[in-house]
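# A predicted structure for the sequence below; I have some questions about it.
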Amino acid sequence: MNFRDQLLKDVERTFMNPKEFAEIHTVTTFSNDETQVGRRDRELEMIIEKFTLDGRPIQTADGVSAHNLIIHIDPEILAYTPRVDQNFYLDFTRYTVMDVSNDTGVLKIVLQSNGSRP
C-alpha cells in the first residue's frame, strides 16, 4: 500500500469516524436551490471548526450559533463539490460558501452565516 492509499484509509477510519473525531450533522440539499424544491436532509459525518466574525475560535453550547465555519468532510459522502457563493444548509441554517478545497482527500468548505433557516 502506498502513502496516499494509507492516508485515505486513515481519513475514512479515524478522522471521519464519529467514534473518534467526526460528528454527525445534517446537510440539506435541494434539487433546485432557487425555489428550494426537492428538499433532502442527510445526516453526514464531518469535522467542524467554528469561528467568530473576527476569526477567533469560539466555545459553543446548544443554542449558540457561530458566524463562520470550516467543514472537513469526505467528498464521497457529500456526493458533490459546492461552489463559492452557493448556499449551503448545515443543521438547518443557511450559510454561504466562501471557499472550497480538497486537502489530501478531505473536502474543506469555508462557510459564513447569513442567518436563514430552510
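Structure's in. What do you need?

# Might you calculate how far the strand or helix carrying Asp41 sits from the centre of the chain?
Using DSSP states H and E, Asp41 maps to strand 40-51. Strand 40-51 has its C-alpha centroid displaced from the chain centroid by 5 Å (C-alpha atoms, centre = their mean, to the nearest Å).

# relative orientation of the following helix or strand past that strand and strand 40-51 in degrees?
Per DSSP H and E, the first helix or strand lying C-terminal to strand 40-51 is strand 68-73. Interaxial angle of strand 68-73 relative to strand 40-51 (axes from the mean of the first three to the mean of the last three C-alpha atoms, to 10 degrees): 120 degrees.

# Packing partners of strand 68-73?
strand 40-51, strand 93-103, strand 106-116 (3 or more C-beta pairs under 8 Å, 6 or more residues apart in numbering; DSSP states H and E). Yep, even glycine has a C-beta here, placed from its N, CA and C like the rest.

# Convert that strand to PDB, retaining C-alpha atoms only.
This file holds the C-alpha atoms of strand 68-73, laid out as PDB (Å, rounded to 0.1, in the frame of the first residue of the first chain):
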ATOM      1  CA  ASN A  68     -18.100  31.300  10.400                       C
ATOM      2  CA  LEU A  69     -17.500  27.600  10.000                       C
ATOM      3  CA  ILE A  70     -14.900  25.400   8.300                       C
ATOM      4  CA  ILE A  71     -16.200  21.900   7.500                       C
ATOM      5  CA  HIS A  72     -14.000  18.900   6.800                       C
ATOM      6  CA  ILE A  73     -15.900  16.200   5.000                       C
END
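
# In whichever helix or strand comes after it, which residues are buried?
Note on strand 68-73: by DSSP H and E, the next helix or strand toward the C-terminus is helix 75-78. Within helix 75-78, the residues scored as buried using 16 or more other C-beta atoms under 10 Å are Leu78.

# ok, now stretch 22-37?
Within stretch 22-37, the residues that count as buried by 16+ other C-beta under 10 Å are Ala22, His25, Val27, Thr28, Thr29.
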